[in-house]
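Novice: sequence below, structure please.
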Amino acid sequence: MALDDILDDAPQLRPSLKSISAEYATARKQGERAYRKAVADGQYPYLPALEEFFPGGSSDVGVPIGIMEIFLSQVVGTKTRGRQEAFACNFMPILDGDSEFAAKWEALVRAQETEGIRDAVKVYEYLWKFYVLEGNKRVSVLKYLKMPMILADITRVMPKDEDEELVKAYYEFDKFFRCAPLYEIIFTKEGSYERLAELLNQDLNNKWDPQIVRDLSYAFSVFSAAYDAKYGEKQKLTPSEAFLVYLSYYYKEEPLSASRELVEKRIDKLRTEFEIQSSENPLQIQENPNLKEPATLASRILPKLYSAKKPLKATFLYETSPEDSSWFYGHELGRNRLQELFEGVLETEAVSHCLEESEIRDAIDKAVEAGSELIFTTSPTQIEETMRAAVHFPQVRFMNCSINLSHGAVRTYYGRMHEAKFLMGVLAGSLTENHKIGYVADYPIFGAVSRINAFAIGAAMADPEAEVYVTWTSLKDSDWKEELTSKGARMISGPDLIKPSEKSRDYGLYRIDEGGTVHNLAMPVWDWGKYYELIVRSILNGNYDKEDAPKAGTALNYWWGMASGVIDVILSQNLSYYSQKMIDIYRRALINETFHPFDGELRSKDGVMHAADAGPLTNVEMITMNWLNDNVIGEVPPPEKLTDAGKNAVRISGLDLSGEGK
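Specialist: As a prediction, the model looks like this:
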């Protein structure tokens, strides 16, 4: 039996109209103030009705959720129009104090004071908000008494326009709710609930352990209270968004049971990260190193702080060993070159086999304990543990070899390899005999597609009939050599380098003759020694900490290229004089910025992607490019087609394939 029916049968609980206390009068004043303010602001002054959101349709069809406690702050309106005008938009009553309505409202106050309101109200939930079908007065009374929760029998109404970003996020919430029935964590960006599940070692396909759900609810309540107290109305991220940032740094370090005091300290440390994640343009991409002389006396004498007795200590972390990976072998050559250049003021060490989080953490802890002030993690997949360490050790400079990652405590560095790939594409197009060119990519991560497209554009500029067949080394159960051979491609852009332990010529740009002999034509070069030299010089002369400091609310990414000397192309001496001259002309044009591969009209198979008069693509547009040029045959593979290593790389810095990509 509903509480209103009980009151009708038990008049002793109902005060007389003359004995209405100040409770209703106070609540009514609150309602009148909210009403007047809404009118003054040009807003609807009464409660919104859910049925008004479905003109010509019905909001009656819903999914039964069951009975559970919900936050009163999320109860915002009524199901139907019938009771709208009895309440102001804040759910406070506005009818006269001598009305039957006022008497019932006052009786509910007394019932709450004596025995508590225990009957569940009936609500419809739509996009995280609740609309009352039965129990409007109960909601009003409990809101007036500042109670946080109310028991509710919930029916969910699913939104229909599934293409809208908000609706996509809500459908993901629906999956999350079936695994972890929590209403308080609200994300309006698709992918956030999946990220939350991932951080908690869960998924959105199976029910979570009830203890994890309780721990999560508790942790969020502690965090949101501390976050609201810290930022109040000035918060740029919602508590849920900020909580996701917080968990990215701290959950795996400690269970979801941190005290309010500890959470407050962590929130202070994450201030810069919150600012970056709330920024519309969080990336600050530096195309060339800062080579300016130090501006202050303190900066000019900084190198004297380092000596043979007190050198700058730098540590390099590799996922595997340099002997087993051409990628880490290149970084090791760069480290050795760095050690030679700065002998007497710099001391370096390398740590191999830092793949698992525990291995990365242990290596960083030991490096910091040994006095390292500069730590390079040389793979994008090491970024998560790197950023946690950077917040924990603010006195240490952390750099991660990746691009387009928004973390203020960690600077990233990478190369504009698309410039070298363009040159190799021009050369491939000028030398191909059957217009078929193979291209081997590694992972579908940031920057990968711009390298493919730059190569394809260069090839088409030299041979308008050129077709570029792309394949990926990270595909499951795939043999890229066999695949490209089956396509008839004899001109191939293979892996940039080979493992030091392998004897193979299938790298760089090469041509396979009729007899199967490989002829190497060109190869892109990562000069990591030069890259690391420029970074260390910026530290020694004071530019790193001063002039290179990121703007407020941005994360600094180094993305240097041929103009800086960190990227180049080596040509075979067997190439003709004219081929070498052609590549040299384009190289100088790229360095002098008189030519840009992504300037003018750009096309995919779906049509024009960039207008002829729109100017060159921005750095962010190049880095996040997810569509393939119109002369590329192949696709950007989704994660399910990748090896475990490929999936992990994509999880960290993978492309958004929700639009183009094939």
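Novice: when you work out contacts or count neighbours from here on, use the C-alpha atoms and nothing else.
Specialist: OK.
Novice: which stretches of the stretch 301-450 of the chain form helices?
Specialist: 326-341, 357-369, 383-392, 417-431, 448-462 (DSSP state H, counting those that start in this stretch).
Novice: now whatever helix or strand residue 522 lives in against helix 326-341, angle please.
Specialist: If you go by DSSP states H and E, residue 522 is part of strand 518-526. Taking axes from the mean of the first three to the mean of the last three C-alpha atoms, to 10 degrees, strand 518-526 and helix 326-341 form an angle of 50 degrees between their directions.
Novice: tell me the strands beside strand 518-526, with direction?
Specialist: strand 509-512 (antiparallel), strand 567-571 (antiparallel) (DSSP bridges).
Novice: adding mean neighbour count, write these out as CSV.
Specialist: Conversion of the strands paired with strand 518-526 to CSV gives the following (neighbours: other C-alpha atoms under 10 Å):
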stretch, mean neighbour count
strand 509-512, 22
strand 567-571, 19
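Novice: next, count neighbours for residue 633.
Specialist: The criterion is other C-alpha atoms under 10 Å. On that basis, residue 633 has 17 neighbouring residues.
Novice: show me what contacts the residue nearest to it when sequence neighbours are not counted?
Specialist: Distances taken as C-alpha to C-alpha, 6 or more residues apart in numbering place residue 469 nearest to residue 633, at 4.7 Å, with adjacent residues excluded. Residues in contact with residue 469 (C-alpha atoms under 8 Å, 6 or more residues apart in numbering) are 436, 437, 438, 439, 484, 487, 489, 632, 633, 634.
Novice: mind doing that once more with 10 Å?
Specialist: Taking C-alpha atoms under 10 Å, 6 or more residues apart in numbering as the definition of contact, the neighbours of residue 469 are 436-440, 452, 456, 483-484, 487-489, 492-493, 631-635.
Novice: just the pLDDT for it.
Specialist: Looking at residue 469, its pLDDT stands at 98.
Novice: look up how far residue 44 lies from it.
Specialist: Taken as C-alpha to C-alpha, to the nearest Å, the spacing of residue 469 relative to residue 44 amounts to 59 Å.
Novice: for residue 169, same thing?
Specialist: Separation of residue 169 from residue 44 (C-alpha to C-alpha): 27 Å.
Novice: again with residue 459
Specialist: Using C-alpha to C-alpha, one obtains 61 Å as the distance from residue 459 to residue 44.
Novice: of the two, who's got more company?
Specialist: More neighbours surround residue 459 than the other of residue 459 and residue 44, with 30 against 14 (other C-alpha under 10 Å).
Novice: strands of the stretch 401-550 of the chain, start to end?
Specialist: 410-415, 436-441, 467-472, 491-493, 509-512, 518-526 (DSSP state E, counting those that start in this stretch).
Novice: now swap in the stretch 1-150 of the chain and tell me
Specialist: Using DSSP E, counting those that start in this stretch, the strands assigned to the stretch 1-150 of the chain run over residues 63-71, 75-78, 121-126, 129-134, 149-156.
Novice: other SSEs contacting the third one?
Specialist: Using 3 or more C-alpha pairs under 10 Å, 6 or more residues apart in numbering; DSSP states H and E as the contact definition, the elements that strand 121-126 packs against are strand 63-71, strand 75-78, strand 129-134, helix 136-144, strand 149-156.
Novice: just name the most buried of those.
Specialist: Ranked by average neighbour count under the criterion mean count of other C-alpha atoms under 10 Å, those are headed by strand 75-78 at a mean of 24.
Novice: which strands and helices sit next to the longest helix along the chain?
Specialist: Among the elements of type helix in the chain, defined by DSSP state H, the one spanning the most residues is helix 210-231. Using 3+ C-alpha pairs under 10 Å, 6+ apart as the contact criterion, the elements in contact with helix 210-231 are helix 239-250, helix 260-269.
Novice: any chance of these in CSV, with distance to residue 587 and mean neighbour count too?
Specialist: Formatted as CSV, those follow (distance: least, C-alpha to C-alpha, whole Å; neighbours: other C-alpha atoms under 10 Å):
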stretch, distance to residue 587, mean neighbour count
helix 239-250, 41, 20
helix 260-269, 44, 15
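Novice: can you redo the ones you listed as TSV with distance to residue 127 and mean pLDDT?
Specialist: Converted to TSV, these look like this (distance: least, C-alpha to C-alpha, whole Å; pLDDT from 0 to 100):
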stretch	distance to residue 127	mean pLDDT
helix 239-250	15	94
helix 260-269	29	93
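Novice: can you add distance to residue 640 and give these back as JSON lines?
Specialist: As requested, the helices and strands packed on helix 210-231 are exported to JSON lines (distance: least, C-alpha to C-alpha, whole Å):
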{"stretch": "helix 239-250", "distance to residue 640": "24"}
{"stretch": "helix 260-269", "distance to residue 640": "36"}
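Novice: please name whichever of those helices is nearest to residue 621.
Specialist: Comparison of the helices and strands packed on helix 210-231 against residue 621 by C-alpha to C-alpha identifies helix 239-250 as nearest, at 24.6 Å.
Novice: distance check, residue 243 against residue 535.
Specialist: When C-alpha to C-alpha is applied, the distance between residue 243 and residue 535 equals 33 Å.
Novice: residue 52 and residue 79 touch, don't they?
Specialist: Yes - Residue 52 is within contact range of residue 79, at 9.0 Å (criterion: C-alpha atoms under 10 Å).
Novice: picking up where we left off before, and the buried ones among the contacts of residue 469, selectable in ChimeraX?
Specialist: Typed into ChimeraX, the next command selects the buried ones out of the contacts of residue 469 (criterion: 16 or more other C-alpha atoms under 10 Å):
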select :436,437,438,439,440,452,456,484,489,492,493,631,632,633,635
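Novice: where do the helices sit along the stretch 1-150 of the chain?
Specialist: With DSSP H, counting those that start in this stretch as the criterion, the stretch 1-150 of the chain has helices at 3-9, 22-40, 100-114, 136-144.
Novice: any idea which helix or strand of this protein has the worst average confidence?
Specialist: Here the helix or strand of the chain ranked lowest by mean pLDDT, DSSP states H and E is helix 3-9, holding a mean of 41.
Novice: if we can go back for a sec, can I get the strands of the stretch 1-150 of the chain in CSV with distance to residue 333?
Specialist: Supplementary listing: these in CSV, determined by distance: least, C-alpha to C-alpha, whole Å:
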stretch, distance to residue 333
strand 63-71, 58
strand 75-78, 62
strand 121-126, 58
strand 129-134, 58
strand 149-156, 60
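Novice: who is residue 149 paired with across the strands?
Specialist: Judged by DSSP bridges, the bridge partners of residue 149 are residue 71.
Novice: return the residues in contact with the closest residue to residue 441 other than its chain neighbours.
Specialist: With C-alpha to C-alpha, 6+ apart as the criterion, residue 441 has its nearest non-adjacent residue at 4.7 Å, and that residue is residue 472. Taking C-alpha under 10 Å, 6+ apart, we find residue 472 in contact with 439-444, 478-480, 495, 634-637, 642, 646.
Novice: what does residue 62 give?
Specialist: When contacts are counted by C-alpha under 10 Å, 6+ apart, residue 62 touches 124, 125, 126, 154, 155, 156, 157, 158.
Novice: go on, residue 352?
Specialist: 316, 317, 318, 319, 320, 321, 322, 328, 359, 360, 363.
Novice: correct me if wrong: residue 22 contacts residue 102.
Specialist: No - because the distance of 11.3 Å does not satisfy C-alpha under 10 Å, residue 22 is recorded as not touching residue 102.
Novice: in contact with residue 580, which residues?
Specialist: With contacts taken as C-alpha under 10 Å, 6+ apart, residue 580 has the following neighbours: 427, 571, 572, 573, 574.
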